[in-house]
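1. Predicted model follows, preceded by the sequence.
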Amino acid sequence: MSGSIASYEQLVRQVEALKKENSHLRRELQDNSHHLCKLENETSDMKEVLKHLQGKLEQEARVMVSSGQTEVLDQLKALQMDITSLYNLKFAPEVAGSGHGIEEGPTPPAPQRDVPGELGRVTFRMLEELDRER
């Protein structure tokens, strides 16, 4: 009889330990969910900023074309291509994967090459800095 009481007490302790672990895991899941929502909001905000910047660049490009400054326009086109490739390198694995892009391994480094024009270099450095912060 004392063996069955000891077994019962052991089961009670195990149940209590499992309840604590379950509570801990629920808190962790809530924290992760909150963090994910925050990241999604930041990503959405960044997309809006990029759309705004692209609109401004397109507007400036139209002004430059009308004034005959095609050299700067070519630099802006190269910059847009670099931004697009950077975006595809950084975010395509996360979208293509089943929601595990960050956890699947490190993102391959962006190709190192000179971005034409001072605007391109500054923008490229900012994008690298944003990537490091992420």
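-> All right, it came through fine. Bear in mind the structure is a predicted one, so any value in this text is a computation, not a measurement.
2. Neighbours of residue 131, how many?
-> 14 (other C-beta atoms under 10 Å). Every C-beta, even on glycine, is put in place using the N, C-alpha and C of the backbone.
3. That one is in what secondary structure piece?
-> Assigned by DSSP states H and E, residue 131 belongs to helix 117-133.
4. repeat for residue 75
-> In the assignment (DSSP H and E), residue 75 maps to helix 70-96.
5. average pLDDT across that helix?
-> Computed over helix 70-96, the mean pLDDT rounds to 68.
6. Relative to the whole chain's centre, how far out is stretch 78-91?
-> 14 Å (C-alpha atoms, centre = their mean, to the nearest Å).
7. same question, stretch 39-50
-> With C-alpha atoms, centre = their mean, you get 9 Å for stretch 39-50.
8. C-alpha coordinates for it, CSV please?
-> What follows is stretch 39-50 as a C-alpha-only set of coordinates in CSV (Å, rounded to 0.1, in the frame of the first residue of the first chain):
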residue,chain,number,x,y,z
LEU,A,39,8.7,42.6,-36.7
GLU,A,40,5.8,42.4,-39.2
ASN,A,41,4.8,45.9,-38.3
GLU,A,42,8.4,47.1,-38.7
THR,A,43,8.6,45.3,-42.1
SER,A,44,5.4,46.9,-43.2
ASP,A,45,6.6,50.3,-42.2
MET,A,46,9.9,49.8,-44.0
LYS,A,47,8.0,48.8,-47.2
GLU,A,48,6.0,52.0,-47.0
VAL,A,49,9.2,54.0,-46.6
LEU,A,50,10.7,52.2,-49.6
